[in-house]
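A.B. asks: Okay, here's the prediction I keep looking at, along with the sequence it came from:
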Amino acid sequence: MKKKKAFITGITGQDGSYLTELLLAKGYLVGGLIRRNAGNDLGNIKHLKSELKLYHGDMHSADSISLALSDFKPDEIYNLASQSSPLASFTDRLGTVMVTGVGAMLVFDKAKEIVPKAKVYQASTSEMFGAPKQIPQNEDTIFSPANPYAVAKEFAHRMAILARQDHKKAQFISCGILFNHESPRRGLQFITRKVSVAVACIKNGLKNSQVPLNEIGQPIIQNGKLRVGDLSAQRDWGYAPDYVEAMWRILQQDEPDDFVIATGEVHSVKELCQEAFAVAGLDWKKYVITDNHFVPPVQTGPLCGDYRKAKKIIGWEPKTTFSDLVKIMVEADIKNFS
Ligand code: NAP
């Protein structure tokens, strides 16, 4: 039987890499768009490189997306590429809008032109809810984005719905409204990973020069302290490998639709710190301090997802608990930064 083909933008990212592993295990041929400056290392997908068809390209370049789709001719497209940090989006508004918003529109347009039968998955986000009055949030909750990243994602989300509704040439584009999901492959600019790396560096007694840098180019641990924004900020944190399974299930449906993917539980940054330092037998209060620099200009949350629709229609549920997620991340980083 002919193998199905899946094309992934953002294949080198956290989700792109786990999704690639899942699709290869399911017998797909997997292709992906990588930036020219991704180098030979390829980070999260270096162990899979020989099994993939990779295309140099950029979300800024419609031509590069066209060339890749024309050559690979996928049955499924997962649009995951993004400037994905809400905090960084305040200082790079244009870059974020171009990659995360306009870039998504280019992927939809080129898919419609080149592979009109392909099913497209769009990586939407709970950040589109902003600071919602309705808790938990579901597919009908009003969007009220509170950062440029979420504004760009809402644009892409609405363009996806428009393309789906086109009565002359409707496209199959489904959106997963995913709540935060984390793993040892999460970028170092995100709070969960900063905490797990900080615990590892403290536990292993790393010197300042050996400690990786945070999003503002400073060691994550300085003078033995981790600086965080708002300890009371609350998020619904899941485990990334569980969430890429939802992406695949969303594209196996007969009709395109939108689905909230979440755990339905919220935890604060304080709880995250408590749990993570406890995994290494440390008391978080000795090592964590707050710093306004890491508080975004406009706050979002509390974000807590209601995933009942996904459970009912695509048969998806989160498998990994918050405690297990934190343990997985801290134990992995203790090995990574030994
Ligand atoms: P990530 O780790 O930050 O990965 C982002 C990917 O986008 C990387 O492969 C990156 O490539 C690529 N990219 C960035 N700019 C690009 C450009 N100009 N052209 C081509 N590729 C570019 O993000 P993630 O956590 O895997 O998330 C996947 C998607 O889901 C993103 O769209 C994100 O916004 C969305 N999302 C994530 C979460 C979450 O909690 N993780 C929640 C909701 C939605 P390089 O390796 O070259 O930088």
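C.D. replies: That came through, no problem.

A.B. asks: Could you check how many residues crowd around the closest residue to D230 other than its chain neighbours?
C.D. replies: Nearest residue to D230 in three dimensions, chain neighbours excluded: V295, at 5.4 Å (Cβ to Cβ, 6 or more residues apart in numbering). Backbone N, C-alpha and C define where each C-beta goes, glycine included. Look at V295: counted by other Cβ atoms under 10 Å, it has 14 neighbours.

A.B. asks: wait, what's in contact with the residue in the stretch 1-150 of the chain positioned nearest to the ligand?
C.D. replies: In the stretch 1-150 of the chain, the residue that lies nearest the ligand is G13 (2.1 Å; Cβ to the nearest ligand atom). Contacts of G13 were listed using Cβ atoms under 8 Å, 6 or more residues apart in numbering, and they are N44, L80, A81, S82, S84, G187.

A.B. asks: What is the nearest of those residues to E154?
C.D. replies: Proximity to E154 was ranked across the contacts of G13 by Cβ to Cβ; first place goes to S82, at 12.9 Å.

A.B. asks: re the thing from before, restrict the contacts of G13 to contacts with the ligand.
C.D. replies: L80, A81, S82, S84, G187 (Cβ under 6 Å from any ligand atom).

A.B. asks: how about the closest residue to the last one other than its chain neighbours, what does it touch?
C.D. replies: Looking back up the chat, that one is G187. Nearest residue to G187, sequence neighbours excluded (Cβ to Cβ, 6+ apart): R193, at 6.5 Å. Shown in contact with R193 (Cβ under 8 Å, 6+ apart): E182, P184, R186, G187, M329, D333.

A.B. asks: try 7 Å this time
C.D. replies: By Cβ atoms under 7 Å, 6 or more residues apart in numbering, the contact list for R193 reads E182, R186, G187, M329.

A.B. asks: Show me the residues you listed that map onto strands.
C.D. replies: E182 (DSSP state E).

A.B. asks: In the contacts of R193, find the pair that's most separated.
C.D. replies: Spanning the widest gap among those are G187 and M329, at 12.6 Å by Cβ to Cβ.

A.B. asks: I261 and G13: what is the separation?
C.D. replies: The gap separating I261 from G13 is 16 Å, by Cβ to Cβ, to the nearest Å.

A.B. asks: one step back: and G187 and M329? Which one has more around it.
C.D. replies: Shown here are G187 and M329; by other Cβ under 10 Å, M329 has more neighbours (26 against 13).

A.B. asks: Show me what from the stretch 1-150 of the chain comes close to the ligand.
C.D. replies: By Cβ under 6 Å from any ligand atom, the residues of the stretch 1-150 of the chain that approach the ligand are 9-10, 12-16, 33, 35, 38, 58-60, 80-84, 99, 123, 125.

A.B. asks: In helices only, show me those residues.
C.D. replies: Counting by DSSP state H, the part of these found in helices is Q14, D15, G16.

A.B. asks: Most neighbours among those, which one?
C.D. replies: Sorting these by how many neighbours each has (other Cβ under 10 Å) puts D15 first, at 27 neighbours.

A.B. asks: Could you double-check that that residue lies in contact with L80?
C.D. replies: Yes: using Cβ atoms under 7 Å as the test, D15 is close enough to L80 to be in contact (5.3 Å).

A.B. asks: Now do the SS call for the residue nearest to G187.
C.D. replies: Following DSSP: H, G, I helix; E, B strand; the rest coil, we place R193 in the helix state.

A.B. asks: Kindly provide the distance from it to the ligand.
C.D. replies: Per Cβ to the nearest ligand atom, to the nearest Å, R193 is found 10 Å from the ligand.

A.B. asks: if we can go back for a sec, the residue nearest to D230 against G229, yeah?
C.D. replies: Yes: at 4.2 Å, V295 and G229 qualify as touching, with contact defined as Cβ under 7 Å.

A.B. asks: any idea how far the helix or strand harbouring I289 is from the chain center?
C.D. replies: Assigned by DSSP states H and E, I289 belongs to strand 288-290. Centroid separation between strand 288-290 and its chain, computed with Cα atoms, centre = their mean, to the nearest Å, is 25 Å.

A.B. asks: mind listing what's buried in it?
C.D. replies: V288 (16 or more other Cβ atoms under 10 Å).

A.B. asks: Mind giving me the packing neighbours of it?
C.D. replies: Using 3 or more Cβ pairs under 7 Å, 6 or more residues apart in numbering; DSSP states H and E, the elements in contact with strand 288-290 are strand 225-228.

A.B. asks: helices or strands up against the strand it packs on?
C.D. replies: Using 3+ Cβ pairs under 7 Å, 6+ apart as the contact test, the elements touching strand 225-228 are helix 191-203, strand 288-290.

A.B. asks: can you redo those as JSON lines with mean pLDDT?
C.D. replies: Output for the helices and strands packed on strand 225-228, formatted as JSON lines (pLDDT from 0 to 100):
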{"stretch": "helix 191-203", "mean pLDDT": "97"}
{"stretch": "strand 288-290", "mean pLDDT": "96"}
